[in-house]
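**Q** Turn this into a model:
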Amino acid sequence: MLDNCHNAKERWGGVSELIDRWLKDRQQLIVNYCELTGADAGAPTSAMQEKFIQLCEVLLDYVSAGHFEIYEQLIREAKEFDDGGLELAARIYPRIEQTTEVALAFNDQLDGSPLTETNVKVLFESLSKLGESLETRFELEDFLIEHLHNVHADKVMSSA
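**A** Coordinates of the predicted model:
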């Protein structure tokens, strides 16, 4: 029984911590996004460029962590419990991929060269689409966490 407890903690104990850290990163992404949406589009382009760069850095880190850490863990749990989670993930993941494409396209608009007033205007227009896409992504991710991780919490605890 002690071995089962230890094995469960090894397999799943870090998943919740990983998800918690990732959700904190999400909060930072939202803060950066809101700072930009509340910014004066007429501010000096150098100040705006720094805000857009900060947003994109957090955005790419968040998206990457989702794809290369969180989703892998959720899929691993789905395989372990074999209760329909893989099929659910297969339906949801392509929709998350679409939001990833929007995030990457937004990031690509910052090509490393200094922003002009026109670039800033275009970025602000794209910011709205990014926000809608992020909202969809967050809903899908929360759904996956609920149905591929939280649903197993009792099972993990009972085997502990």
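**Q** Quick check: mean pLDDT of stretch 48-61?
**A** Stretch 48-61 shows a mean pLDDT of 95.
**Q** how about low-confidence regions in this structure?
**A** Applying pLDDT under 70 to the chain flags the ranges 1-15, 150-160.
**Q** Which stretches in it count as helices?
**A** Ranges of helices in the chain, per DSSP state H, are 2-8, 14-37, 45-65, 71-81, 85-108, 117-148, 153-159.
**Q** So which elements touch the second one?
**A** Yep, that's helix 14-37 we're talking about. Judged by 3 or more C-beta pairs under 8 Å, 6 or more residues apart in numbering; DSSP states H and E, the packing partners of helix 14-37 are helix 45-65, helix 71-81, helix 117-148. For every residue, glycine as well, the C-beta is placed using N, CA and C.
**Q** same check, this time on the fourth one
**A** In terms of contacts (3+ C-beta pairs under 8 Å, 6+ apart), helix 71-81 is packed against helix 14-37, helix 85-108, helix 117-148.
**Q** I'd like to know which of the ones you listed lies nearest to Ser46.
**A** In terms of C-beta to C-beta, the element of the helices and strands packed on helix 71-81 nearest to Ser46 is helix 117-148, at 10.4 Å.
**Q** Any buried residues in the closest one, and which?
**A** Judged by neighbour count (16 or more other C-beta atoms under 10 Å), helix 117-148 contains these buried residues: 119-120, 123, 127, 130-131, 133-134, 137, 140-141, 144-145, 147-148.
**Q** check contacts around the nearest residue to Lys129 once chain neighbours are set aside.
**A** Sequence neighbours aside, Val102 is the residue nearest to Lys129 in space, at 6.4 Å (criterion: C-beta to C-beta, 6 or more residues apart in numbering). By C-beta atoms under 8 Å, 6 or more residues apart in numbering, the contact list for Val102 reads Lys129, Leu130, Ser133.
**Q** Next: Leu59.
**A** Leu29, Asn32, Ala103, Phe106, Asn107, Leu130.
**Q** one step back: figure out which of the helices and strands packed on helix 14-37 is closest to Ile19.
**A** Of the helices and strands packed on helix 14-37, nearest to Ile19 by C-beta to C-beta is helix 117-148, at 6.2 Å.
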